[in-house]
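Enquirer: Here's my sequence, what's the structure:
(one chain, ligands or ions: 2)
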Amino acid sequence: MPMVSFALHGIGVSGGIAIGRAQLISHATLEVAHYSIPQSQVPAEIARFAAAIGEVKGELEGLHGAMTSDDVPGEFGAFLDVHWMILNDPTLSEAPKRIIAEQHCNAEWALTLQMGVLVEQFEQIEDSYLRERKSDVVQVGERVLKRLMGRPGILPAPGIEEQTIIVAHDLSPADVIQFKHHRFGAFLTDLGGNTSHTAIVARSLNVPAVVATHNARALIRDGEMVIVDGGNHVVIVNPDRAVLSEYRLKQGEFDLARQKLKRLRSKRADTLDGVHVELQANIELPEDIEQALANGATGIGLFRSEFLFLNRADLPSEDEQFEAFRKVAAGMQGKPVTIRTFDLGADKHKEGLEGLSRVAPNPALGLRAIRYCLAEPRLFLTQLRAILRATHYGNVRILIPMLASASEIDQTLVLIEQAKESLREQDVPFDPRVAIGGMIEIPAAVLAMGAFLRKLDFLSIGTNDLIQYTLAVDRSDEAVSHLYDELHPAVLRLIGLAIGNATKAEVPIAICGEMAGDMRLTRLLLGLGLREFSMHPAHLLGVKQRVLKADVSAMAPLIDRLRRADEPDKLHALLGKINA
Ligand code: PEP
Ligand code: MG
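Expert: Ligands and ions are numbered 1, 2, ... in the order given. Model prediction:
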C-alpha cells in the first residue's frame, strides 16, 4: 500500500520538533475482548497464547542483549530479570492455557482472568516489597496481551528511543511519569487538554508533545514516519522528502536557539528598569532538581508531592517521603523548596484509596487535594511529619493545595501543629518556624482573600485550576479545550486582584500554574505586579530572556487599558502591543 501523507492538528503542549517512527501504545487491559472458542479451535488458541509468550521472551532477551551501552541504568537490568522470572512462572505462562481449555474462551480473556487472580494474591501479601511486585506482574501480562492483540510492548529497545514517537489514545499522569526514565522523541495523544496533568508531565520530559489530536491513535500505523511540531500544534505523517528536509532545518534552528539561551543561566533576572524577579522551578520527582539547577532556578516553587504516590500498589511511608524531601532540600543548597502536600483526586488517581475512585460523579469538584487530606488526617499527618523532618536539612516551605475557605485553613494549621507536637515528643529535629502557604486555585479564595492573607505566610496562584474553576471548563477534557482561555477577562481580573491584595498586605505571592512558563504572558504578568514565577525548568531561560528585556514602568499605561478590556479582540490587540 502506498504511504499516504497527511497532517493532524491538536494542542501543542510542549514545543520543539521531533522526527521519528510511530510506536502505538495502549492500555491493553482496558480493551480486552471476550469471545467463545469452539472446542475444535482450542488447541490453536492455546498455541497462539504460547506463541505470544515466546515472542515476549524474545523481546526481553533482545532488550537484555542491547544493554551493553553505558547509558542504560543498572536498575533496568534488574527490572528485566524480574520480568523474565515472572514470564517463566507457570502461574502466568501455563495457567491461562488451562483456562482456555476449560472455559473455551479467547487467549486474551484467559490471561486477563489469570492476571486478576495473581493481582489479588499479591494484594494479600504482607511484605510490602513483594506486594509491590504486583505492578511487574501487570506489566508482563500487558506485554503478552499486546503481543496477542498484535501490538508491541511499551519499551522500545534502548538506543532507538530518541527516534520513537509515542502515539496513544490517552495517557494518565502516572503513565507519563514512567517515561521520565526513557528519552522518547515525542508524544501524541487523542485526548487531553493543555493543562491536564498528562500534558504537564509530558512538558516536563522536555520533548515535543501534541494532545487532543482526536484520532491519531486510529490513523497512524506502527512504524510510520512522523514529524511532531509542538510549537505549531501540528503532526505530519509520512512526510515527503521536501517537507522532511524543511523540518530537519527547523529542528536544527530550534536546538540552536535553545542552546544559546544557556548563556543566561546564572544571570540575575532583573527588568530593564531594575525590577527583580524570582524564577523558580516546578518538579514532580526529586531527580528533577538537576534540570532545575541546570536552568538557573532560584528555588523550587512547586514540588508536586503526589507523584511519590503513583505507579505503586502501596503508600509511600513517612521515611520514604522524608528521604525524597530531604534530598530536594539538601540538593537545592539553601534555596527555597516549596513542597505542596499531595494533591490526589481529579485526574490523579490512587487505586485502593477510598474516596479517590475514578467514578466520582464530578471528580474535579469532589474529594481532591486538601479536602481529601482533611477527610483522611492519618495520611496527611504522615506526610506533614515527613515534610517537617526535611525542614532540618534545607529551606523548606509547606504549600497547601485547593483551599477554598477559612475553616479549611484553620483545620490544616491544627493538623500541622499536631504533627509538630508529635515530632517534639520524639525529639526529632525540625524548623518550628517553617513557612505555611496556600494555593489560590478557586475563585472563592480570591474573592474572600482576607483569611488567606491573615493566616498564611505566602501564597501561590495555581492558574491551571483557577482557570478551570472560573470558566467551568474541565482542564483535562479536550471536548471543551477551546473554551479554556487564560486570557479571559475574568481570569485576568482574578489574577490581578489576587496579586494586588497580597502585595498590599505584604504577603509574598507567586504563580506556579502553566501561565508562569508561557513566554507570551511574561510581560503581562509582570505588569499585573507578579514578581515570583514558578514553572517547568525547560521554560526558565526563555522566560528570563523576556524579563531581561521588559520595562515594567513603560508598559503600565497599556496594562491599565488591558485590565479594563473585556472584549477578546481588544485584549489580544493590547497583549500584542505589550509584547511588541
Ligand atoms: C495549578 O492548578 O495551576 C497548579 C499549579 O497545580 P496542579 O497543576 O498540580 O493542579
Ligand atoms: Mg492545581
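
Enquirer: Could you say which helix or strand holds the spatially most central residue of the chain?
Expert: For the chain, Val201 is the residue whose C-alpha lies nearest the centre (CA atoms, centre = their mean; 2.6 Å). Counting by DSSP states H and E, the element that carries Val201 is helix 197-204.

Enquirer: which of the residues in that helix are buried?
Expert: For helix 197-204, the neighbour count (16 or more other CB atoms under 10 Å) marks 197-204 as buried. Placement of C-beta: from N, CA and C, glycine included.

Enquirer: Ok, stretch 549-559 next?
Expert: For stretch 549-559, a neighbour-count test (16+ other CB under 10 Å) marks 550, 552, 555, 558-559 as buried.

Enquirer: So which of the residues you listed reach ligand 2?
Expert: When CB under 5 Å from the ion is taken as the criterion, no member of the buried residues of stretch 549-559 contacts ligand 2.

Enquirer: Which member of those residues is positioned nearest ligand 2?
Expert: Taking CB to the ion as the measure, Ile559 is the one of the buried residues of stretch 549-559 closest to ligand 2, at 25.7 Å.

Enquirer: Wait, a helix at Leu188?
Expert: No - Leu188: not assigned to a helix; according to DSSP: H, G, I helix; E, B strand; the rest coil it is strand.

Enquirer: Would you mind listing where the stretch 151-300 of the chain has pLDDT under the threshold?
Expert: For the stretch 151-300 of the chain, residues meeting the criterion pLDDT under 70 lie at 151-162, 174-175, 178.

Enquirer: Now do the contacts for whichever residue of it sits closest to ligand 1.
Expert: Of the residues in the stretch 151-300 of the chain, the one nearest ligand 1 is Ile200, at a distance of 5.9 Å by CB to the nearest ligand atom. Applying CB atoms under 8 Å, 6 or more residues apart in numbering, we find Ile200 in contact with 173, 464, 514, 536.

Enquirer: Asp347 is in contact with the first one, correct?
Expert: It refers to Pro173. Yes - applying CB atoms under 8 Å as the test, Pro173 and Asp347 come out as touching, 6.5 Å apart.

Enquirer: Which residues of the chain lie near ligand 1?
Expert: Within the chain, the positions near ligand 1 by CB under 6 Å from any ligand atom are 200, 302, 304, 343, 441, 462-465, 512-513.

Enquirer: Which ones among those map onto helices?
Expert: The members of the residues of the chain next to ligand 1 that map onto helices under DSSP state H are 200, 463-465.

Enquirer: near ligand 2 too, which of those?
Expert: The overlap between those and the neighbourhood of ligand 2 (criterion: CB under 5 Å from the ion) consists of Asp465.

Enquirer: Single out whichever of the ones in helices among the residues of the chain next to ligand 1 has the smallest pLDDT.
Expert: Lowest pLDDT of these: Ile200, 83.

Enquirer: ok so, going back, could you dump the buried residues of stretch 549-559 to JSON lines with pLDDT, distance to Arg433 and secondary structure?
Expert: JSON lines is the format used below for the buried residues of stretch 549-559 (pLDDT from 0 to 100; distance: CB to CB, whole Å; DSSP: H, G, I helix; E, B strand; the rest coil):
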{"residue": "Ala550", "pLDDT": "97", "distance to Arg433": "34", "secondary structure": "coil"}
{"residue": "Val552", "pLDDT": "97", "distance to Arg433": "32", "secondary structure": "coil"}
{"residue": "Met555", "pLDDT": "96", "distance to Arg433": "38", "secondary structure": "coil"}
{"residue": "Leu558", "pLDDT": "97", "distance to Arg433": "41", "secondary structure": "helix"}
{"residue": "Ile559", "pLDDT": "97", "distance to Arg433": "36", "secondary structure": "helix"}
